[in-house]
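>>> only geometry, no sequence info:
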């Protein structure tokens with residue numbers, strides 16, 4: 001039996017060879033139509049990829065990657081005769097450094113040209129590059145007579161049946177999947193080939209290593225098949241109008257979701273406070289005059305650092321304050337930052353300080369319930385209806401939350417806001433990612449995280465001018481009313497519709513998108529139910545119980561869920577408690593948002609360079625080490641060094657923010673289409689458990705006391721971060737891989 005890698009390579013060769021046989025051409029993999037300018041691809045693993053070299057003024061030379069994107073790659077591939085597929089530009093000498101001169105630089109194409117020389121570019125030889133910037137392309141060759149979705153590769157649809165003695169193909173493969181154990185049923189007649197071992201570059205299955213024809217030790221329950229579905233690519237190969245509009249329309253709810261999530265830091269801020277002096281109606285936290293200062297000093301105890309006690313006051317006996325103390329029941333607050341917060345309105349201090357953690361827990365429990373329900377609802381009824389219903393309910397609950405009346409009512413509203421807010425983000429995230437293919441998923445995921453971060457920035461900026469928590473609460477919800485009008489503009493996910501057998505609706509969406517993007521659908525595009533519906537309906541019946549039958553998928557899911565829990569616990573533990581750090585709460589909050597943005601940028605830059613799992617591991621490791629290092633500052637550092645605690649906490653926030661964007665992407669890429677929302681929902685559900693306990697972990701220092709008590713929460717966050725990062729190395733790499741559609745796809749993914 002050949003290795004799994006060779007197995008997939010053989011599937012690729014089988015798909016290519018069969019496509020050539022169907023088109024009547026078994027002598028070459030691609031039909032070429034050379035352009036006027038000579039062009040070649042060098043040092044690729046197959047004919048359709050490699051370093052771009054052009055022949056100009058009597059010599060071969062390379063092309064600089066400055067400004068060379070997928071549009072330019074499309075033109076280069078068109079010059080070579082690859083007019084289908086989704087060409088991808090490869091920068092930074094991906095296929096090695098060339099020799100000789102760099103002939104072209106700053107090439108800028110619209111994507112419709114037939115020759116690179118028709119595009120804007122510097123004069124020949126006018127460049128400012130080195131060979132480590134030589135550009136390459138991957139043309140992903142397809143035989144045009146049978147290619148489905150050549151110019152509109154949104155999703156994969158066909159389950160093509162192949163046996164070694166005959167083949168039935170609808171399309172050549174971009175990312176073929178080998179199907180063993182008679183996945184498509186047992187054949188009849190002799191078994192002709194066994195132990196086939198290919199490297200993936202052959203054009204004929206007989207060019208691979210194999211036993212003699214008829215020499216085998218198999219039964220028909222081991223008949224192999226292949227899935228030759230066309231490969232997905234994001235945004236139709238580039239950021240075209242359809243995708244730009246989708247991102248624009250979804251930006252508002254993403255921003256408001258970030259606003260609602262992080263406004264907790266402001267509206268639940270606990271300002272400095274002390275007991276209210278009995279009988280002094282105009283008592284304020286700020287000292288009014290010398291007489292007021294004397295009265296406060298006689299009434300309120302001070303600690304060893306000279307600060308007034310938060311919760312105790314001296315006993316009053318016949319108008320004279322004694323040395324004994326008792327717990328007060330009324331307070332005055334420092335209102336220099338905020339006129340009113342939830343804490344000051346309901347006096348949630350001293351013996352009621354745990355209510356702040358209760359509010360956060362209720363919100364995170366809402367996340368948990370929302371994650372476990374909206375994922376199922378999205379898979380059952382579609383991404384679009386669940387998204388819009390969640391937007392409406394989130395707007396209504398967020399608005400009435402500004403006037404709760406009672407603590408218990410506000411806690412209930414916080415829970416409901418967590419439920420519906422999860423529906424908003426999960427539905428729109430999966431909807432967006434299902435319009436995205438391998439080459440741009442990193443960009444799309446990172447872009448959504450950056451858009452989300454606009455919300456917390458707005459909270460910080462608005463809090464400098466709006467100092468009443470009710471108005472901030474209203475501003476977090478009322479703008480969502482504009483999103484309701486987007487119902488007629490946002491399409492349902494074609495991938496989901498096809499998985500449910502909604503062939504006509506799918507064709508309508510992709511036809512409209514093709515018109516907007518000025519693309520022409522292949523004339524032989526056929527999504528008729530008799531050819532496709534049976535296959536996709538079979539996929540739609542796959543559920544969680546079938547998923548659990550695969551031990552490798554169970555282990556994979558447990559690791560993903562554990563990472564979600566730890567990342568969420570650490571992220572929210574650091575985000576929602578910035579007012580416990582040294583410095584002004586609003587300044588710390590804006591600083592926290594800034595390092596979070598840096599974390600997203602770092603993740604976006606490195607995701608396609610180092611891969612998903614290695615980047616996630618590195619970020620979690622640095623986060624854990626930084627948080628553990630605060631032990632030494634708290635335990636051994638002087639008061640002058642406490643700023644280091646804030647600095648190390650910001651390093652941890654930076655890394656865990658980047659890790660959050662990576663684990664989102666890993667999860668979306670590892671779960672199959674039929675269970676993707678379910679998988680995202682389950683992962684998010686577990687994450688909310690971590691989020692719910694994070695405020696209680698942060699408060700451990702209050703109950704443990706001493707210097708160790710201050711360090712204990714950071715020890716816990718740091719230790720869990722290092723552990724979760726290490727376990728993530730077990731997951732398969734998803735970089736530039738096609739999204740799995742079925743459970744069988746997921747089981748064989750990375751195998």
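Noted; the coordinates are in hand. The structure displayed is predicted, hence computed values, not measured ones.

>>> how many neighbours does residue 500 have?
For residue 500, the tally of surrounding residues (other C-beta atoms under 10 Å) stands at 20. The C-beta positions use only the backbone N, C-alpha and C, and glycine is treated the same way.

>>> now residue 291
Counted with other C-beta under 10 Å, residues neighbouring residue 291 total 9.

>>> swap in residue 294?
With neighbours defined by other C-beta under 10 Å, the count for residue 294 comes to 11.

>>> I'd like the distance between it and residue 118.
Distance of residue 294 to residue 118, computed by C-beta to C-beta, to the nearest Å: 86 Å.

>>> now residue 65
Applying C-beta to C-beta, one obtains 19 Å for the distance of residue 65 from residue 118.

>>> between the two, which is the more surrounded one?
Ranked by neighbour count (other C-beta under 10 Å), residue 65 and residue 118 place residue 65 first, with 23 against 15.

>>> ok, now which ones touch that one?
Listed by C-beta atoms under 8 Å, 6 or more residues apart in numbering, the contact partners of residue 65 are 89, 91-92, 129, 133-135.

>>> give me phi/psi at it?
Its backbone dihedrals place residue 65 at phi -80, psi 0, with angles given as degrees, to the nearest 10.

>>> widest-spaced pair of the contacts of residue 65?
Checking these against each other with C-beta to C-beta, the farthest-apart pair comes out as 89 and 129, at 14.7 Å.

>>> these two: which has the busier surroundings?
Between residue 89 and residue 129, counted using other C-beta under 10 Å, residue 89 has the larger neighbour count: 22 against 17.

>>> surely the more buried one is in a strand?
Yes. Assigned with DSSP: H, G, I helix; E, B strand; the rest coil, residue 89 falls within a strand.

>>> any idea of the pLDDT on it?
Residue 89 carries a pLDDT value of 89.

>>> in stretch 327-336, what's buried?
Of the residues in stretch 327-336, those buried by neighbour count under the rule 16 or more other C-beta atoms under 10 Å are 328, 331-333, 335.

>>> next one: stretch 58-75
Residues of stretch 58-75 classed as buried under the neighbour-count rule (16+ other C-beta under 10 Å) are 60-75.

>>> keep only those of those that are in strands.
The strands, defined by DSSP state E, take in 60-63 from the buried residues of stretch 58-75.

>>> list the residues that contact residue 299.
Contacts here follow C-beta under 8 Å, 6+ apart; on that basis residue 299 touches 275, 277, 313-314, 321.

>>> looking at the protein, which helix or strand is least sure?
strand 166-167 (a mean of 26; mean pLDDT, DSSP states H and E).

>>> on that earlier part again, dump the buried residues of stretch 327-336 to JSON lines, plus distance to residue 424.
JSON lines is the format used below for these (distance: C-beta to C-beta, whole Å):
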{"residue": "328", "distance to residue 424": "42"}
{"residue": "331", "distance to residue 424": "37"}
{"residue": "332", "distance to residue 424": "39"}
{"residue": "333", "distance to residue 424": "34"}
{"residue": "335", "distance to residue 424": "34"}
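
>>> out of those residues, who's nearest residue 677?
Of the buried residues of stretch 327-336, the one sitting nearest to residue 677 (C-beta to C-beta) turns out to be residue 333, at 44.3 Å.

>>> ok, the closest one touching residue 344?
Yes. Counting by C-beta atoms under 8 Å, residue 344 is a contact partner of residue 333 at 4.9 Å.

>>> now do the contacts for residue 386.
When contacts are counted by C-beta under 8 Å, 6+ apart, residue 386 is found next to 374, 377-378, 423, 427.

>>> now, these that are in helices?
Among the contacts of residue 386, the subset assigned to helices under DSSP state H consists of 374, 377-378, 423, 427.

>>> I'd guessed residue 664 sits against residue 429; true?
Yes. Counting by C-beta under 8 Å, residue 664 does reach residue 429; the two are 7.2 Å apart.

>>> more neighbours: which of the two?
For the pair residue 664 and residue 429, the greater number of neighbours falls to residue 429 (25 against 21), based on other C-beta under 10 Å.

>>> how close does that one sit to residue 696?
Between residue 429 and residue 696 the distance, using C-beta to C-beta, works out to 28 Å.

>>> closest to residue 215 among the buried residues of stretch 327-336?
residue 333 (86.4 Å).

>>> do you know how far that closest one is from residue 470?
16 Å.

>>> thinking again about what came up before, list just the nearest of the contacts of residue 299 to residue 714.
Of all these, the one with the least separation from residue 714 (C-beta to C-beta) is residue 275, at 31.0 Å.

>>> contacts only, for the closest one.
Applying C-beta under 8 Å, 6+ apart, we find residue 275 in contact with 299-300, 309, 311-313, 328, 330-332.

>>> closest one to residue 713 out of those residues, please.
When the contacts of residue 275 are compared against residue 713 (criterion: C-beta to C-beta), the nearest one is residue 311, at 21.6 Å.

>>> can you report how many residues lie near that closest one?
The criterion is other C-beta under 10 Å. On that basis, residue 311 has 18 neighbouring residues.

>>> ok, it touching residue 352?
No. With contact defined as C-beta under 8 Å, residue 311 does not reach residue 352; the gap is 10.2 Å.

>>> low-confidence stretches in the stretch 1-150 of the chain?
Residues of the stretch 1-150 of the chain meeting the criterion pLDDT under 70: 1-35, 83-85, 140-150.

>>> which stretches of it form helices?
Taking DSSP state H, counting those that start in this stretch as the test, the helices found in the stretch 1-150 of the chain are 4-23, 70-80.

>>> care to break the chain down by domain?
When the chain is parsed with automatic domain parsing, its domains come out as 38-138, 236-271+335-490, 287-334, 542-751.

>>> where along this structure do the strands fall?
When assigned using DSSP E, the strands of the chain occupy the ranges 38-42, 49-56, 59-63, 88-90, 102-104, 136-138, 162-163, 166-167, 177-179, 225-227, 273-275, 312-317, 320-327, 331-333.

>>> mean neighbour count, those: which tops it?
Neighbour counts (mean count of other C-beta atoms under 10 Å) averaged over each of the strands of the chain peak at strand 136-138, with a mean of 28.

>>> mind listing what that strand pairs with, with the direction of each?
Taking DSSP bridges as the criterion, strand 136-138 forms sheet pairs with strand 49-56 (antiparallel), strand 88-90 (antiparallel).

>>> compile the strands of the chain into TSV and extend it with columns for distance to residue 262.
Listed next are these as TSV, based on distance: least, C-beta to C-beta, whole Å:
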stretch	distance to residue 262
strand 38-42	48
strand 49-56	43
strand 59-63	45
strand 88-90	36
strand 102-104	47
strand 136-138	40
strand 162-163	52
strand 166-167	55
strand 177-179	41
strand 225-227	43
strand 273-275	23
strand 312-317	33
strand 320-327	33
strand 331-333	22
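
>>> which among those strands is found nearest to residue 505?
strand 225-227 (23.7 Å).

>>> tell me the mean pLDDT for the closest one?
Taken as a whole, strand 225-227 has a mean pLDDT of 66.

>>> now swap in stretch 552-568 and tell me
91.

>>> next one: stretch 186-203
Rounded to a whole number, the mean pLDDT of stretch 186-203 is 74.

>>> chain center to that stretch: distance?
39 Å (C-alpha atoms, centre = their mean, to the nearest Å).

>>> ditto for stretch 465-477
For stretch 465-477, the separation from the chain centroid amounts to 29 Å (computed by C-alpha atoms, centre = their mean).

>>> need the contact partners of that stretch.
Outside stretch 465-477, the residues that touch it by C-beta under 8 Å, 6+ apart are 256, 259-260, 263, 266-267, 337-342, 345, 394-399, 401-403, 459, 462-463.

>>> list the buried residues for that stretch?
Burial within stretch 465-477, assessed by neighbour count using 16+ other C-beta under 10 Å, is assigned to 466-467, 469-477.

>>> show me those residues that map onto helices.
Assigned to helices by DSSP H, the following of the buried residues of stretch 465-477 qualify: 469-475.

>>> which of those residues sits closest to residue 447?
Closest approach between these and residue 447, by C-beta to C-beta: residue 475, at 23.9 Å.

>>> distance-wise, check the closest one relative to residue 404.
Spatial separation of residue 475 from residue 404 under the definition C-beta to C-beta is 17 Å.
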